[in-house]
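**Q** I need the structure of the sequence given here:
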Amino acid sequence: MSNAVKVFFSYSHKDEVLRDDLATHLSMMKRQGVIEAWHDREISAGREWANAIDDNLNAADIILLLVSANFLASDYCYDIEMKRAMERHEAREARVIPIILKPVDWSDAPFAKLQALPKNAKAVTTWQDKDEAFLNVAQGIRRVVEEMAKSKTSSTASETTTPAISTPLATSGGLTDSQRRRLKQQEDSLQQQYGLASTKLGKLREAYSIETDTATKFKLEKQIQESETELNRLDRQLEELEQKLV
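**A** Numbers count the residues shown, from 1 in each chain. Got it, this is the predicted structure:
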């Protein structure tokens, strides 16, 4: 397990059941020995819990922020764990991945600039099938783990070869850094549009469910269909961008 990617869970204890569900979906990677997952429930008796958390947080390769209202309200999660996680992310010592567990306004959080999971940052608890949401999260984490493995392999290979003539930096898929930045900006914009459209659709559905006037319900139904069409369009565009960024 010495080469395994170390994964740290930062979460509120009020979301422990959802954390356990995610850990279960990551169990295959644990069995394969590609990751080591740690959370504070694994602190052994007699250890100082704060020191144990700090040690594992500072040693982690991937830090998962399990985002919910509980997480944002927790002083320890937000002010200590998340702050340290972002410091390590900015220093490129670790990769921070926000996992959106429940609907909450996190648009102004320091990690809002990061690509979140599940797909389109749609909260796990809002999916019709929660297992499908966690599968999407697990697949996203696996891709990051594979990227890290490739990066380590490339770094090792470069140390044994003669440096080539300088060329524009290219990332996976043959994209230059500037191309990837532009695509990421487009993706961020589309995700914001998707979030607004999703909120609008939710409000329309809520209004439809309580409306009693037949004519008004008919109008709302038409608006719901239009919103669903718009969401599907944005979803397709996001999928196309994701394919380009892989």
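
**Q** Need the phi and psi values for residue 32.
**A** Dihedral pair for residue 32: phi -80, psi -10, per degrees, to the nearest 10.

**Q** Report the distance from stretch 54-61 to the chain centre.
**A** 19 Å (Cα atoms, centre = their mean, to the nearest Å).

**Q** in that stretch, what's buried?
**A** 56, 57, 60, 61 (16 or more other Cβ atoms under 10 Å). Every residue, glycine included, has its C-beta placed from N, CA and C.

**Q** Downstream of the lowest-mean-pLDDT helix or strand in the chain, the next helix or strand is which one?
**A** Sorted by mean pLDDT, DSSP states H and E, the helices and strands of the chain end with helix 177-210, the least confident at a mean of 77. Going down the chain from helix 177-210, the next helix or strand is helix 214-245, by DSSP states H and E.

**Q** Buried residues of that following helix, list them for me.
**A** Here helix 214-245 shows 220, 223, 224, 227, 230, 231, 234, 235, 238, 241, 245 as buried, counting by 16+ other Cβ under 10 Å.

**Q** Take those residues and write them to JSON lines, including distance to residue 35.
**A** Shown next, in JSON lines, are the buried residues of helix 214-245 (distance: Cβ to Cβ, whole Å):
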{"residue": "220", "distance to residue 35": "46"}
{"residue": "223", "distance to residue 35": "44"}
{"residue": "224", "distance to residue 35": "41"}
{"residue": "227", "distance to residue 35": "39"}
{"residue": "230", "distance to residue 35": "37"}
{"residue": "231", "distance to residue 35": "33"}
{"residue": "234", "distance to residue 35": "32"}
{"residue": "235", "distance to residue 35": "29"}
{"residue": "238", "distance to residue 35": "26"}
{"residue": "241", "distance to residue 35": "27"}
{"residue": "245", "distance to residue 35": "22"}
